[in-house]
Structure formats: structure tokens, C-alpha cells
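Asker: I would like the atomic coordinates for the input below:
(one chain, ligands or ions: 1)
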Amino acid sequence: MKIICVGRNYTEHIEELKNEKPDDPVIFQKPDTSILLKKQPFFIPDFSNDVHYEVEVLVKIKKIGKHIQQKFAHKYYDEIGLGIDFTARDLQQKLKDKGLPWEKAKAFDGAAVIGNKWLDKNQLGNVDKLNFSLLKNDVVVQQGNTSHMLWKIDELIAYISTYFTLKIGDIIFTGTPAGVGPVTPEDRLTGFLEDTKMFSIKVK
Ligand code: ZN
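Answerer: Model (predicted):
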């Protein structure tokens, strides 16, 4: 399986990082080795002094597809999840300044948290109006609603599938809203999609 991530998909997050608003979705990937293993804490890697959490809504692909039209994109997923796109912000900034790829800052071991719960889109209602949030040590640090995405889920599936064949089990990270920030050892990060607790992880 592969993990396809979308950068700069929420205006307020683009502004907080002083990035330019893109003309097209910003896409990158994480390898399967970046998935944080179940029930394991997240260990801050020693090559970074500024690892940030980014809470994101996830979409699990259920059918193989390429050049998927937006109007048919809904047929390619049922399950919606929640995760964290951990980012070594200091390293990412260095790479961005040099115009180099972000992989080392985004695709390292443990950098992809995939919540263990998946919710059926048909029970959630409109996938373009979902509330989600991240708590750090019981304080809300990020709150988002998928209605604020620059590119909605079906648009992303259409766009991504013009470049990469989507396969069963692939997961799309749809971008983070404002409020990203650093983690320190002993933090606990808990994610909610609507009223459901989707993950709770410890930082070490
Ligand atoms: Zn992200």
C-alpha cells in the first residue's frame, strides 16, 4: 500500500506557515515504513528539534483506479479515518529553502499515524462537512472542518489518480488545518472525528 499526502489544503494553515497558495494540490508520499506501529509510542527522531503534529482526515481506497473522474470518485472509498502527518519542521524548512524534496522531514519511520478506527462515510453523512480535532494533553490544539479544504476529497482522488494508480488499501492524508505545533516527550495526542475518538498516542 502507499500513503499519498496533500499539503497546503487549508487556507489558515498556509498562512500560518507563510506559504504561497498553490494553483494545484501539493502532493507527496510516505512509505509504508513510516506507519507508526499499533500501540507504540511516537519517538521523536534525534535529527530534529522541532517535530510538529498535523492532524488530518484520512481516506481509505477500496477499489483500483486511474484517471478517476471526480463524479465517480465516491465509488472508490467507504472508510474515513483520522491520523497525524508528523513533520520535522526544522528539517523541512532547510529542504524547502534549498528547493529539495521534503521526504526526510515527512517520511521517516513513525511519521504516519493512522488511527485504528475507520468510520463508514454513509453513516457520517456529508464527507465535505466533517468536524475533527486534535488534543494535546487534553487541550484542543487543532480544530478543522473538511468544508474548509481547498480541494475536497473527490477532487483530490481525481487529481491524484491522474498521476498515480490508486490501489485497494492506499490511504490519502487530506491536509491539516491551522494550529500545528511541536511535540515534547510525554505528550499525549488524541484525535477525534466528529464525536468518535480515533487514536490516542504517547510521545517519547
Ligand atoms: Zn500534512
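
Asker: now the end-to-end length of stretch 91-102.
Answerer: Start-to-end span of stretch 91-102 (CA to CA, to the nearest Å) is 8 Å.

Asker: does the ion sit close to it?
Answerer: No - in terms of CB under 5 Å from the ion, no part of stretch 91-102 sits within range of the ion; the closest distance is 10.0 Å. Every residue, glycine included, has its C-beta placed from N, CA and C.

Asker: so who does the residue of the chain found nearest the ion touch?
Answerer: Here the residue of the chain nearest the ion is Asp85; by CB to the ion that distance is 3.4 Å. Shown in contact with Asp85 (CB atoms under 8 Å, 6 or more residues apart in numbering): Cys5, Lys30, Glu54, Glu56, Lys106, Ala111, Ala112, Phe173, Thr176.

Asker: apply 6 Å and report the result again.
Answerer: Neighbour list for Asp85: Cys5, Glu54, Glu56, Phe173 [criterion: CB atoms under 6 Å, 6 or more residues apart in numbering].

Asker: how about Lys136?
Answerer: Neighbours of Lys136 in contact, by CB under 6 Å, 6+ apart: Asp187, Leu189.

Asker: who's it bridged to?
Answerer: Under DSSP bridges, the beta-bridge partners of Lys136 are Val139, Leu189.

Asker: what element comes up after the worst-scoring helix or strand of the chain on mean pLDDT heading to the C-terminus?
Answerer: When each helix and strand of the chain is scored by mean pLDDT, DSSP states H and E, helix 11-16 comes last, with a mean of 84. Sequence order places strand 26-30 as the next helix or strand after helix 11-16, per DSSP states H and E.

Asker: direction included, what does that following strand pair up with?
Answerer: When DSSP bridges is applied, strand 26-30 pairs with strand 3-7 (antiparallel).

Asker: and the strand it pairs with, how far out from the chain middle?
Answerer: On the basis of CA atoms, centre = their mean, to the nearest Å, strand 3-7 sits 6 Å off its chain's mean C-alpha point.

Asker: identify all contacting residues around that strand.
Answerer: Contacts to strand 3-7, defined as CB under 6 Å, 6+ apart, come from residues 25-26, 28-30, 85, 112, 156, 160, 171-175.

Asker: just to revisit the earlier point, what about the nearest residue to the residue of the chain closest to the ion once chain neighbours are set aside, neighbour count?
Answerer: In this structure, Asp85 finds its nearest non-sequential neighbour in Glu54, 4.3 Å apart by CB to CB, 6 or more residues apart in numbering. By other CB atoms under 10 Å, the residues close to Glu54 number 24.

Asker: again, but for Gly65
Answerer: Neighbour tally, Gly65, other CB under 10 Å: 21.

Asker: OK, contacts around it?
Answerer: Counted by CB under 6 Å, 6+ apart, Gly65 has contacts Tyr76, Ser161, Leu166.

Asker: switch to 10 Å and redo it
Answerer: 72-73, 75-76, 157-158, 160-161, 165-168, 170 (CB atoms under 10 Å, 6 or more residues apart in numbering).

Asker: so what strands line up beside the biggest strand by length in the chain?
Answerer: When the chain is parsed with DSSP state E, its longest strand is strand 77-85. Using DSSP bridges, strand 77-85 pairs in its sheet with strand 55-61 (antiparallel), strand 112-114 (antiparallel), strand 119-120 (antiparallel).
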